[in-house]
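Trainee: Just need the structure, nothing else, for what follows:
(one chain, ligands or ions: 2)
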Amino acid sequence: MSLHIEAKTGDIAENILLPGDPLRAQYIAEHFLDGAVCYNRVRNMLGYTGTYKGHAVSVQGTGMGIPSISIYATELMRDYGVKKLIRVGTCGAMREDIRLRDVVIAQGATTDSSIIRNIFGPSINYAPLADFELLRKAYDAAARQNIPVRVGNIVSVDRFYDDEIDNDKLTAYGIMAVEMETAGLYVLAAKYGVQVLGLFTVSDHLLTKEACTAEERQTSFDDMIRIALETITAE
Ligand SMILES: O=P(O)(O)O[C@H]1O[C@H](CO)[C@@H](O)[C@H]1O
Ligand SMILES: O=c1cc[nH]c(=O)[nH]1
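Mentor: Ligands and ions are numbered 1, 2, ... in the order given. So this is what the prediction gives:
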């Protein structure tokens, strides 16, 4: 048991998916895992363990923003021995060639969060990166399922409502999409020496202002979950 997760030692699998929304954790457990059992209800931040094609897999809600995901990621890595983590999130597209419902893989995660400065001091701009083996497996799994994916740099922002951020400059330097947790997750995975990857479904578009309907979110979201599960259970 840790401060924010009431699971007993051994209740959580080494392989885990991390959606921000705890109800998405419940959805994944109910629709994709066999024999899923809920191991966490503290603060309603639901966590489940079940199996996928015979492999033990957990799924844990992490909340919104780097402070929230950092709590769950630290306890999962440090106290429960989790070894492979895939964030399954939603994101906002920032470029015209990225469309609604596309699946995005975060090779790197730029950030305006103070987490980098707080760890390394003002002279280092650490580059939070995905694990290459997980990235390659996710790309291959997507290709096998004929799901197109975009791979590259995203930005993890501290503020969802941010009138000051220069999105045009970020886009000009290749940033594909915006979300709020991955840079922090990648840094923590490096600290604890575990494998990590961020996968996203584009739920809205910052340029065109389009947004997915609930049904569209569901369908494209399922594509991302299948990629994540095939990746995390691949030998
Ligand atoms: O859909 P999730 O995983 O929560 O991710 C995105 O959605 C939330 C904002 O609405 C932020 O957490 C952002 O990162
Ligand atoms: O953090 C997020 C997630 C989805 N869409 C956004 O614009 N931002």
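
Trainee: alpha carbons only for contacts and neighbour counts from here, please
Mentor: OK.

Trainee: Helix or strand next in line after the helix or strand hosting residue 76, which one?
Mentor: Element membership of residue 76 [criterion: DSSP states H and E] is helix 66-79. The C-terminal neighbour of helix 66-79 among helices and strands, as given by DSSP H and E, is strand 84-93.

Trainee: quick one: contacts of that following strand?
Mentor: For strand 84-93, the surrounding residues in contact (CA atoms under 8 Å, 6 or more residues apart in numbering) are 14-20, 99-100, 176-179, 182, 194-207, 224-225, 228, 232.

Trainee: quick one: which of these sit in helices?
Mentor: 182, 224-225, 228, 232 (DSSP state H).

Trainee: Around ligand 2, which positions in this structure sit nearby?
Mentor: Counting by CA under 6 Å from any ligand atom, the chain comes close to ligand 2 at 90-92, 160, 178-180, 204.

Trainee: And the ones in helices among the contacts of strand 84-93, which is closest to residue 26?
Mentor: residue 225 (12.8 Å; CA to CA).

Trainee: What is the burial count for the closest residue to that closest one other than its chain neighbours?
Mentor: Distance criterion CA to CA, 6 or more residues apart in numbering; nearest residue to residue 225, sequence neighbours excluded, is residue 88 at 7.0 Å. Per other CA atoms under 10 Å, the neighbour tally for residue 88 reads 26.

Trainee: Who is residue 88 paired with across the strands?
Mentor: Legend: beta-bridge partners of residue 88 under DSSP bridges are residue 199.

Trainee: follow-up on the earlier one: ok, residues contacting the helix holding residue 76?
Mentor: Counting by CA under 8 Å, 6+ apart, 2, 4-5, 20, 62-63, 82-83, 113, 158, 180-185, 188-189, 192, 194 sit against helix 66-79.

Trainee: which sections of the protein are below the confidence cut-off?
Mentor: Low-confidence segments of the chain, defined by pLDDT under 70: 218-220.

Trainee: if you go through this structure in chain order, where are the strands?
Mentor: Applying DSSP state E to the chain gives strands spanning 15-18, 34-40, 47-52, 55-60, 84-93, 103-111, 149-156, 177-179, 195-205.

Trainee: Including distance to ligand 1, could those go into TSV?
Mentor: Shown next, in TSV, are the strands of the chain (distance: least, CA to the nearest ligand atom, whole Å):
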stretch	distance to ligand 1
strand 15-18	8
strand 34-40	18
strand 47-52	14
strand 55-60	11
strand 84-93	3
strand 103-111	12
strand 149-156	7
strand 177-179	4
strand 195-205	8
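
Trainee: can you put these in CSV and add distance to residue 119?
Mentor: Supplementary listing: the strands of the chain in CSV, determined by distance: least, CA to CA, whole Å:
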stretch, distance to residue 119
strand 15-18, 23
strand 34-40, 29
strand 47-52, 29
strand 55-60, 25
strand 84-93, 21
strand 103-111, 14
strand 149-156, 17
strand 177-179, 21
strand 195-205, 19
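
Trainee: To residue 134, which of the ones you listed lies closest?
Mentor: Per CA to CA, nearest to residue 134 of the strands of the chain: strand 195-205, 6.4 Å.

Trainee: List the buried residues of the closest one.
Mentor: Judged by neighbour count (16 or more other CA atoms under 10 Å), strand 195-205 contains these buried residues: 195-205.

Trainee: Let me know the closest of the ones in helices among the contacts of strand 84-93 to ligand 1.
Mentor: residue 182 (7.7 Å; CA to the nearest ligand atom).

Trainee: Am I right that the closest one is in contact with residue 109?
Mentor: Yes: contact criterion CA atoms under 8 Å: residue 182 and residue 109 qualify, at 6.2 Å.
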